[in-house]
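In: 3D model of this:
(3 chains)
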Amino acid sequence: MSPVYKEVELHELSKSFNLDLKGNPSTKISGVNDIRAAGSSEIAFLFSEKGIDIAVNSKAGALVLRPEWIDKRLENRNLLLTDNPKLAMARIHCYLLDKQPEREGVSKQAFIEQSANVDSTAVIYPFVYIGKNSVIGKNVIIYPNTHIGSEVKIGDGTTIHAGCSINNDTIIGKECIIHSGTVIGSDGYGFVKDRNHNYKVPQVGRVRIGDDCEFGANNTIDRATFGETVIGNNVKTDNLVHIAHNCQIGDHCLIIAMSGVAGSTVLGENVTIAGNSAVMDHLKIGDNAIIGSQTLVIKDVPDGQVFTGYPAVDHRTWLRMTTAQQKLPELVKRVAQLEKELSSIKGSGEGSK
Amino acid sequence: MSPVYKEVELHELSKSFNLDLKGNPSTKISGVNDIRAAGSSEIAFLFSEKGIDIAVNSKAGALVLRPEWIDKRLENRNLLLTDNPKLAMARIHCYLLDKQPEREGVSKQAFIEQSANVDSTAVIYPFVYIGKNSVIGKNVIIYPNTHIGSEVKIGDGTTIHAGCSINNDTIIGKECIIHSGTVIGSDGYGFVKDRNHNYKVPQVGRVRIGDDCEFGANNTIDRATFGETVIGNNVKTDNLVHIAHNCQIGDHCLIIAMSGVAGSTVLGENVTIAGNSAVMDHLKIGDNAIIGSQTLVIKDVPDGQVFTGYPAVDHRTWLRMTTAQQKLPELVKRVAQLEKELSSIKGSGEGSK
Amino acid sequence: MSPVYKEVELHELSKSFNLDLKGNPSTKISGVNDIRAAGSSEIAFLFSEKGIDIAVNSKAGALVLRPEWIDKRLENRNLLLTDNPKLAMARIHCYLLDKQPEREGVSKQAFIEQSANVDSTAVIYPFVYIGKNSVIGKNVIIYPNTHIGSEVKIGDGTTIHAGCSINNDTIIGKECIIHSGTVIGSDGYGFVKDRNHNYKVPQVGRVRIGDDCEFGANNTIDRATFGETVIGNNVKTDNLVHIAHNCQIGDHCLIIAMSGVAGSTVLGENVTIAGNSAVMDHLKIGDNAIIGSQTLVIKDVPDGQVFTGYPAVDHRTWLRMTTAQQKLPELVKRVAQLEKELSSIKGSGEGSK
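Out: Numbers count the residues shown, from 1 in each chain, chains lettered A, B, ... in the order given. Predicted coordinates:
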């Protein structure tokens, strides 16, 4: 379904987001679009001064940009001014989207165990299973073919897309979004090897997730061996992300596609892990740290540091190493040449004795 | 279910694929098998001259091989000759397979929203959900527990395996195969950080997929922020592949297991990405380029180039770097030795003054 | 659901696992917990001598530890003594867990094809589909939204979690656990390129899995082109693991999260592959070999070897290379300095002639 928008007048956006307005305050806006594709009822956003010509030619009903980018050619346009057009875009777009669900209530083709408690405002699609004693909050939406285990709690306003599995005992906060195919609360990976045989370590803890989190598609987040795997508030993961048992992921962390965090590792607040990276087990990644793409982290990372590499080192060191590595084949030849020359000097020196 | 084959006579294969035939043209063939396991009603394929003894001992009813590999010991056998036995294998095997579905029509245990339009020849398994206004083409097969969102279009002859989620607005072409657990059209990963808080960037574009594509199991292909994430024709992905929002993947691309392409990156035609690799965002990978295994691509790759490494460099450079790296610990010692010797020469030089 | 435990007296554990007992043999134990959180009816485990103070302060009803760690302060406690507390923990915890399923029999909301054969002791949740001629063994549990294809065999005591897809012809042994979202028996990745066009190679083999295996969430295990992809006994995979067509994985192998094994590769017995690693196709990894984290294996690995790196080399070599690489930027400067000095020596030598 194409997105459905509320209709507002421009002054409402100006007030709600505290943005200076130039032009006609009663311009009606009922959509958001890319600046090239936007029409007269849509608002569009300019993210760099270089795009000013595109803005001039845009048919958007209103434009959002930095005040210093204004140009004579924009004099007769409806403008909202901000120092952070990207942030304005995110917030205005969310504000305008009308999130009415396409269905109402609990489908007769869903299966809710009798002891489960589903709020009357929740929307449950066909082929959703909800297990014993689970509690589904207000305005929760659960799309088809998703499984909710026993003793699960889903907070108000959370949306769970199709084909997810939220296993027993998981606690999910408010206003979260979980994309399709994501598995939460499956067993952590724990085995003890004895004379080659692998014995299972039962995983009897759970997963606890804060508010305002979003998990991409086909994530896997494991329950704790004992206790809890904890995901803070406002954590956002991309697709195919793995979080192992007993991890603690601080508030506001970003984990980008195909990255994983191994068992018992603790991420501080506001950590960013770029794509295809792995953080080994039992480590501590400090607040505001950034891990580069395809990095293997094998030791703790202090607060605020940027680490990249295989294995991870300080990012500037990695850049220097990477540059040097490309000179390495030539360096091998240069060292051989030095050895030859030195040997020749020593030879002639000895010869001259 | 074991594969079901049509029965044909050998001359039919010879004509259909324009292959020279030696032996009995009316030999009946009703199966394809590995050359070691094939029986008298099956056709088998030889892929290298080294396997000629295996071919001689094979009980296959017919053999396909290159003409120059023929051996006196194969004189009395039924042979089809081709310069490309691998291609013949692919095409003959597809030709012989009888793709009759195991069920017919729409299961009563499926849930089809009233406004959806499912062709009468489509096969819909139990526990499939099809959303509002979606259109399902001729001879489409959708296996159990798959979710089709609203406003989705599935082209004729496409097969979607169990447990997939094809989200709202996705357009899929003809004769595609989507393996189990694959998610198409989930939200792209877009957040704006402001004073540590992550604000969601709504993702209101869609995914458009061409004809004759095949996606492996547990892939994730994200919808565009605005506009479209585009997959061309005849694109083939392996398992656990990730394609981010607003990517464009050209015709005939191959993306091998556990690889990902980050946001807005454009792959030309016929690009190959080997396993466990990552291509960063906003890049352009040229036509016919090849990306090696476990490679991190951080800049554009020109047409036809082979790039490997962390980060990616020209493949031959990478091979030289890799060889040199293994000499590196020894090189460090050699440089220390040179320094020592040079210092000794300088010392003796100074001493002799 | 919180874990449910049997109640036993301590002497029963002592006898069953052949562990020396100190304290009161009739102490009742009805649970297992982390040593910090355990209460008087729970048993807890000490894994290193450093934790002895924690053990002293633990409220656990019984403690398991190595005999040499016993301390005067533990004199009045109930103790079980073992040289391997981790193994004891795994085995005692499994022993105490009461695995009674939460439901009984076949849900009316499941769909079982008439020719399928489901044992009367199996538990089949709502929205499970079981295909033609499939055989489900004793005490099997299949959670919601899982798809079992045609001609599949599931051995006694196996548990398949929610949202899995076990495709046609797959054979799974006894006492296996398959976590949510895992796909077994999807097509192997086989295409032949001819003038850029990718032709599909049909995949008509199957997957055969031994006894006592456990697969993490969102794994993908592909059927063979011909014949079988074989997983031995007691193999344990973590989340997001990929095993390609025609692989053979020996008994007792461990494959950790986000790792993959490419087509036709053979793993011997008791191989360990650490996280985020890739093993290329058609290789042989010897018995008891260990592959380090984020490693790319491009050639065979002999029995018992430890390989790490990109590409993989002997682990000690990799450690030396890694250390040397960090010195590389400095080494480049040192070589330039050597060249300068040598040139100056040669110059002065020539000048002095």
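In: end-to-end on stretch A:172-188?
Out: Stretch A:172-188 has its terminal residues 18 Å apart, counting by C-alpha to C-alpha, to the nearest Å.
In: try stretch A:28-40
Out: 9 Å.
In: what's the domain layout of chain A?
Out: Domain assignment for chain A by automatic domain parsing gives A:8-96, A:164-310.
In: any chance of these in a markdown table, plus mean neighbour count?
Out: All C-beta atoms are positioned from the backbone trio N, CA, C, and that covers glycine. Conversion of these to a markdown table gives the following (neighbours: other C-beta atoms under 10 Å in any protein chain shown):
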| stretch | mean neighbour count |
| --- | --- |
| domain A:8-96 | 17 |
| domain A:164-310 | 24 |
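In: out of those, which gets nearest to chain C?
Out: Evaluated with C-beta to the nearest C-beta, these place domain A:164-310 nearest to chain C, the distance being 3.6 Å.
In: and the closest one with chain B, contact?
Out: Yes: shown here: domain A:164-310 in contact with chain B (C-beta under 8 Å from any C-beta of the partner chain) through A:177, A:179-181, A:214, A:216-218, A:234, A:236, A:238-240, A:251-252, A:254, A:256-258, A:269-270, A:275-276, A:293-294, A:310.
In: what's the mean pLDDT across that domain?
Out: Across domain A:164-310, pLDDT averages out at 98.
In: please enumerate the helices of the stretch 1-150 of chain A.
Out: Using DSSP state H, counting those that start in this stretch, the helices of the stretch 1-150 of chain A run over residues A:10-17, A:52-57, A:85-96.
In: please enumerate residues in contact with the second one?
Out: Counting by C-beta atoms under 8 Å, 6 or more residues apart in numbering or on different chains, the neighbours of helix A:52-57 from elsewhere in the structure are A:35-36, A:44, A:46, A:63, A:65, A:69, A:71, A:73-74.
In: swap in 7 Å and give it another go.
Out: A:35-36, A:46, A:63, A:65, A:69, A:71, A:73-74 (C-beta atoms under 7 Å, 6 or more residues apart in numbering or on different chains).
In: ok, now the first one?
Out: Helix A:10-17 is touched from outside by A:19, A:21, A:24-27, A:29, A:62, A:78, A:80, A:88, A:91-92, A:95, with contacts defined as C-beta under 7 Å, 6+ apart.
In: hmm, back to that, mean pLDDT added to the helices of the stretch 1-150 of chain A, as TSV?
Out: Compiled in TSV, the helices of the stretch 1-150 of chain A are given as follows (pLDDT from 0 to 100):
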stretch	mean pLDDT
helix A:10-17	98
helix A:52-57	95
helix A:85-96	97
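In: save those as TSV, and put in distance to C:Ala289 too.
Out: Putting those into TSV (distance: least, C-beta to C-beta, whole Å) gives the following:
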stretch	distance to C:Ala289
helix A:10-17	59
helix A:52-57	56
helix A:85-96	48
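In: wait, isn't A:Arg223 in contact with A:Gly188?
Out: Yes: shown here, A:Arg223 and A:Gly188 form a contact pair, counting by C-beta atoms under 7 Å, at 6.1 Å.
In: dump the contacts of helix A:10-17 into a markdown table; add distance to chain C as well.
Out: Supplementary listing: the contacts of helix A:10-17 in a markdown table, determined by distance: C-beta to the nearest C-beta, whole Å:
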| residue | distance to chain C |
| --- | --- |
| A:Leu19 | 43 |
| A:Leu21 | 48 |
| A:Asn24 | 51 |
| A:Pro25 | 50 |
| A:Ser26 | 50 |
| A:Thr27 | 47 |
| A:Ile29 | 41 |
| A:Ala62 | 43 |
| A:Asn78 | 47 |
| A:Leu80 | 43 |
| A:Ala88 | 36 |
| A:Arg91 | 33 |
| A:Ile92 | 35 |
| A:Tyr95 | 34 |
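In: please consider this matter closed, and thank you.
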